[in-house]
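Undergrad: everything below, folded, please.
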Amino acid sequence: MPRAILFPAFLWFIGTLSIQATPEAVLAEMEKIQGESGTKTASLGLCFIPLSGTPEDAEGYQIDLGLIPASTLKAVTTAVAIETLGPDFHFTTELQIAGTLSEEGVLDGDVVIRGGGDPMLGESNIASTFSRWQSALRKAGIKEVLGSVVGDATIFGTQLIPDTWQWNDMGNYYGAGASGLTFHQNLFYCRFRTPSVGRPAPFTGTDPRLPGIQFINEMRVGSSGSGDQGYIYGVPYGTIYYLRGTVPAGTGSFTIKGSLPDPAYFCARAFTKHLNGNGLSVAGDPTTVRRMKIEGETLATRTGIHSEESPALSSIIYQTNMKSNNLQAECIHRMIGIKLAESGTTKASSHAVKEYWKEKGIDMSGFSMGDGCGLSRANTITPRQMAMMLYHAAKGDSFDSFYRSLPVAGRSGTLRSIGGGSAAEGRIVAKSGTIDRVRNYAGYVNTRSGKRYAFALFVNNYSGELWQVKSQIVRIWTRLVAL
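TA: You can find the predicted model right below:
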């Protein structure tokens, strides 16, 4: 084609990017997508509200349709947390002693690790954490423990997993339960050898070791490059784990991540091992407050000797939303319940979140919150409710911390791989939400005209390829940016 024809066509394309769109044009594009292959039978919803306006200025497509939010629910949870707990809030873990201490430094009693729901405890350097705790014991004059190391996770109760989580999620790292004594992200690693395709994948053990847990291995070797298709099936406090699915050939060995069945017990056991290996003898077997209650045992009066604080909540929320970390969101959700409802259960926490938004004037009809992170398919929210929550979050005192925690299209976090090179790059700041056949985004649009909108865009139960759905989402973003 002659250059004289190409050049004007290129100018026309560039020109379309600078034309200001109308809300009607955005909605027309949504209707067009609704009729396309892959989304024809899907449930779509969109709502956008100018921050310079009022909630009554909300516009969109099927804005009052109840949809599954997936991980966009983390935006709901973290927005409430940053305002009610505060950006400078710290989770606190306390090391306590229960019993009597002799002049010779012998504790006739127990060492208690009182969990405060900190999702970051022992996240990276377990040895460093244990060294600080051992130093605190020595500073308190303790040279020997006749009792046990006891993990106390009671702040959140004994139910680690929300009622509505699926069986195939529970034993995997992304389905780790929110323990009051969360430790090392409540995860462990399963190792496999990977011989030829189609053969069984021999299980070679876990890191850390999990004595008392029986692993039934049904894992097989998938094709080279097939990635991690392995699943771990297990329940909180369970002793039998099933290993199913495939791990890729051609790697020699492969590792997948699982969720610890009893994080508080693991923490107590690991600290006991550390102390015995570093010159401070512990005579009793590790245990937890939950286990002691089952056996009819009680602790003596406790005395605190050391406190361990988490990073500031603003820092944790940044990681939670950037990486879409389920465990962190669940711990934050439970702490909202402690703060607003004096209960760390999922039910109490969800009720507290719902009441918080209700007090902002949002009609919460049809809203259902089965967890804090969005893994549950029982969660329901409308595009209008989500956009209004984000609208009100933008009026909060701690909005800057919340806004900075959200990924940026084409540039950071879970949005790094979408919107790059389009008009939406750098202008869409949002939380993503992805589970099987669900692709959602909720956050803020920074338009070329200088306006900012709160928005929620949900695609539920699509049947097309993921690349196609992402392309459709970027089409909507592009028009929103042009408002």
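Undergrad: list the contacts for L480?
TA: By Cβ atoms under 8 Å, 6 or more residues apart in numbering, the contact set of L480 is A21, V26, F48, A424, I428, V445, T447, Y453, F455. Yep, even glycine has a C-beta here, placed from its N, CA and C like the rest.
Undergrad: shouldn't the first one be within a strand?
TA: If I follow you right, that is A21. No - using DSSP: H, G, I helix; E, B strand; the rest coil, the assignment for A21 is coil, not a strand.
Undergrad: now it. Nearest residue, chain neighbours left out?
TA: A482 (3.7 Å; Cβ to Cβ, 6 or more residues apart in numbering).
Undergrad: low-scoring stretches of the protein, by residue?
TA: Under the criterion pLDDT under 70, the flagged ranges of the chain are 1-19.
Undergrad: quick one: the helices in it?
TA: Using DSSP state H, the helices of the chain run over 3-18, 23-34, 73-84, 126-139, 167-170, 263-277, 289-294, 313-323, 326-341, 346-358, 383-393, 399-404, 466-481.
Undergrad: and those helices as CSV, adding distance to R302?
TA: Shown next, in CSV, are the helices of the chain (distance: least, Cβ to Cβ, whole Å):
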stretch, distance to R302
helix 3-18, 64
helix 23-34, 58
helix 73-84, 28
helix 126-139, 14
helix 167-170, 32
helix 263-277, 15
helix 289-294, 11
helix 313-323, 26
helix 326-341, 19
helix 346-358, 25
helix 383-393, 39
helix 399-404, 34
helix 466-481, 52
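Undergrad: export stretch 131-146 as PDB, just CAs?
TA: Output in PDB follows, covering the C-alpha atoms of stretch 131-146 (Å, rounded to 0.1, in the frame of the first residue of the first chain):
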ATOM      1  CA  SER A 131      16.500 -16.200  68.000                       C
ATOM      2  CA  ARG A 132      14.700 -13.000  69.300                       C
ATOM      3  CA  TRP A 133      12.300 -15.100  71.300                       C
ATOM      4  CA  GLN A 134      15.100 -17.200  72.800                       C
ATOM      5  CA  SER A 135      16.900 -14.000  73.800                       C
ATOM      6  CA  ALA A 136      13.700 -12.800  75.500                       C
ATOM      7  CA  LEU A 137      13.500 -16.000  77.500                       C
ATOM      8  CA  ARG A 138      17.200 -15.800  78.500                       C
ATOM      9  CA  LYS A 139      16.700 -12.100  79.500                       C
ATOM     10  CA  ALA A 140      13.800 -13.200  81.700                       C
ATOM     11  CA  GLY A 141      16.200 -15.600  83.400                       C
ATOM     12  CA  ILE A 142      14.900 -18.800  81.900                       C
ATOM     13  CA  LYS A 143      17.500 -21.500  81.300                       C
ATOM     14  CA  GLU A 144      15.300 -24.600  81.300                       C
ATOM     15  CA  VAL A 145      11.600 -25.300  80.700                       C
ATOM     16  CA  LEU A 146      10.000 -28.200  82.500                       C
END
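Undergrad: buried residues, it. List them.
TA: Within stretch 131-146, the residues scored as buried using 16 or more other Cβ atoms under 10 Å are W133, Q134, A136, L137, A140, I142, E144, V145, L146.
Undergrad: swap in stretch 21-40?
TA: Result for stretch 21-40 [16+ other Cβ under 10 Å]: buried residues A21, V26, L27, E29, M30, I33, Q34, G38, T39.
Undergrad: columns distance to S102 on top of these, output as a markdown table?
TA: Shown next, in a markdown table, are those (distance: Cβ to Cβ, whole Å):
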| residue | distance to S102 |
| --- | --- |
| A21 | 77 |
| V26 | 74 |
| L27 | 77 |
| E29 | 76 |
| M30 | 74 |
| I33 | 74 |
| Q34 | 75 |
| G38 | 73 |
| T39 | 72 |
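Undergrad: what two of these are the furthest from one another?
TA: A21 and G38 (23.8 Å; Cβ to Cβ).
Undergrad: look up how far S401 lies from H90.
TA: 14 Å (Cβ to Cβ, to the nearest Å).
Undergrad: make that S226, sorry
TA: 40 Å.
Undergrad: who's more crowded, these two?
TA: A direct count of neighbours by other Cβ atoms under 10 Å for S226 and S401 places S401 higher, at 21 against 14.
Undergrad: so who does the more buried one touch?
TA: Applying Cβ under 8 Å, 6+ apart to S401 gives the contacts I82, P87, S314, I317, Y318.
Undergrad: what residues are up against the residue nearest the centre of the chain?
TA: Centroid-nearest residue in the chain, with Cα atoms, centre = their mean: N326, separated by 1.8 Å. Contacts for N326 (Cβ under 8 Å, 6+ apart) come out as S71, Y174, G175, A176, C373, G374, L375.
Undergrad: out of the contacts of S401, which is most surrounded?
TA: I317 (29 neighbours).
Undergrad: how far away is S37 from D436?
TA: Counting by Cβ to Cβ, the gap from S37 to D436 is 19 Å.
Undergrad: correction: the previous question concerned S343.
TA: From S343 over to D436 (counting by Cβ to Cβ), the distance is 31 Å.
Undergrad: these two: which has the busier surroundings?
TA: S343 (16 against 8).
Undergrad: isn't that one right up against M335?
TA: No - taking contact to mean Cβ atoms under 8 Å, the distance of 11.1 Å between S343 and M335 leaves them out of contact.
Undergrad: which among the buried residues of stretch 21-40 gets closest to Y61?
TA: Using Cβ to Cβ, those come closest to Y61 at M30, 4.0 Å.
Undergrad: buried residues, stretch 327-340. List them.
TA: Those would be 327-340, for stretch 327-340 by 16+ other Cβ under 10 Å.
Undergrad: out of the residues you listed, what pair is the most spread apart?
TA: It's L327 and L340 that sit farthest apart of the buried residues of stretch 327-340, by Cβ to Cβ, at 20.8 Å.
Undergrad: so what's the residue count around S310?
TA: Around S310 there are 20 residues (other Cβ under 10 Å).
Undergrad: gap between it and A442?
TA: From S310 to A442 the distance is 26 Å (Cβ to Cβ).
Undergrad: and what of L210?
TA: 38 Å.
Undergrad: okay, these two: which has more neighbours?
TA: Shown here are L210 and A442; by other Cβ under 10 Å, A442 has more neighbours (29 against 20).
Undergrad: is it true that the more buried one touches I428?
TA: No - using Cβ under 8 Å as the test, A442 is too far from I428 to be in contact (10.6 Å).
Undergrad: most neighbours, which of the contacts of L480?
TA: I428 (31 neighbours).
Undergrad: show me what that one is bridged to.
TA: Taking DSSP bridges as the rule, I428 bridges to V445.
Undergrad: doesn't W477 make contact with it?
TA: Yes - contact criterion Cβ under 8 Å: I428 and W477 qualify, at 5.2 Å.
Undergrad: give the residues shared as contacts by these two.
TA: In contact with both I428 and W477: A409, G419, V445, using Cβ under 8 Å, 6+ apart.
Undergrad: quick check: the first one vs S398, distance?
TA: If I follow you right, that is A409. A409 is 23 Å from S398, by Cβ to Cβ.
Undergrad: give me the more crowded residue out of the two.
TA: Taking neighbours as other Cβ under 10 Å, A409 and S398 compare with A409 leading, 29 against 20.
Undergrad: find the nearest non-adjacent residue to G45, please.
TA: Per Cβ to Cβ, 6+ apart, closest to G45 is P383, 3.9 Å.
Undergrad: circling back to that earlier point, Q185: which of the helices of the chain is closest?
TA: helix 326-341 (6.1 Å).
Undergrad: and the closest one, how far out from the chain's middle?
TA: Its chain's average C-alpha position is 11 Å from that of helix 326-341, according to Cα atoms, centre = their mean, to the nearest Å.
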